[in-house]
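Chemist: Here is my input; please provide its structure:
(one chain, ligands or ions: 1)
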Amino acid sequence: METDQLHSLVRSAESIIGLWWQDDRRNWCAYCGIPMRRRAATGTRLPPTKATRDHVVPRVHASGLLTLPCCLECNQAKGKQSLPEFLSGPYFNQKRMKKHRNQWPLAHLWFVAGLAYFRKSELIAQKARGSRRVAG
Ligand SMILES: [Zn+2]
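Modeler: Numbers count the residues shown, from 1 in each chain. A predicted model of the protein is given here:
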């Protein structure tokens, strides 16, 4: 595949995510679709509906900053799983049995997963180019 083709795929995947934190999508969980609470009373346990950002590629894999709006319950259920693992697992499929109009479409979530791995490959390629430059 030509680098240009890869870049245009990445750009179209990025347009699906868009700037979700600047629009209404920040108020609903991308996975289960429930309305999320932005604040929790201090000193109380965080409610499962607390708004969080999910790192699409878990932070333990040094993933960069691709995130989705996600309730605390879904974020904890996903844990260190990759997005494809999570989307294929029992928790997610149980949650999606309840249809909610603010859930992100399944095809979009898989597109986001693809984007995360494209970005990771770009990052690795950039680092390789950088280290060659330093060595040469
Ligand atoms: Zn959720």
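Chemist: CA only for contacts and neighbour counts going forward, please
Modeler: OK.
Chemist: mind listing the strands for this structure?
Modeler: 51-55, 67-71 (DSSP state E).
Chemist: How confident is the prediction for Met1, by pLDDT?
Modeler: For Met1, the model assigns a pLDDT of 61.
Chemist: quick one: low-confidence parts of this protein?
Modeler: The chain contains residues with pLDDT under 70 at 1, 59-64, 133-136.
Chemist: So which bits of it are right by the ion?
Modeler: Counting by CA under 5 Å from the ion, the residues of the chain close to the ion are Cys29, Cys32, Cys71, Cys74.
Chemist: Could I get the contacting residues of Leu115?
Modeler: For Leu115, the contact set (CA atoms under 8 Å, 6 or more residues apart in numbering) comprises Val10, Ala13, Glu14.
Chemist: wait, which of these is closest to Leu83?
Modeler: Ranked by distance to Leu83 (CA to CA), those are led by Ala13 at 15.0 Å.
Chemist: tell me, which helix in the chain spans the most residues?
Modeler: helix 106-135 (DSSP state H).
Chemist: that older thread, give me whichever of the strands of the chain is most buried.
Modeler: Neighbour counts (mean count of other CA atoms under 10 Å) averaged over each of those peak at strand 67-71, with a mean of 24.
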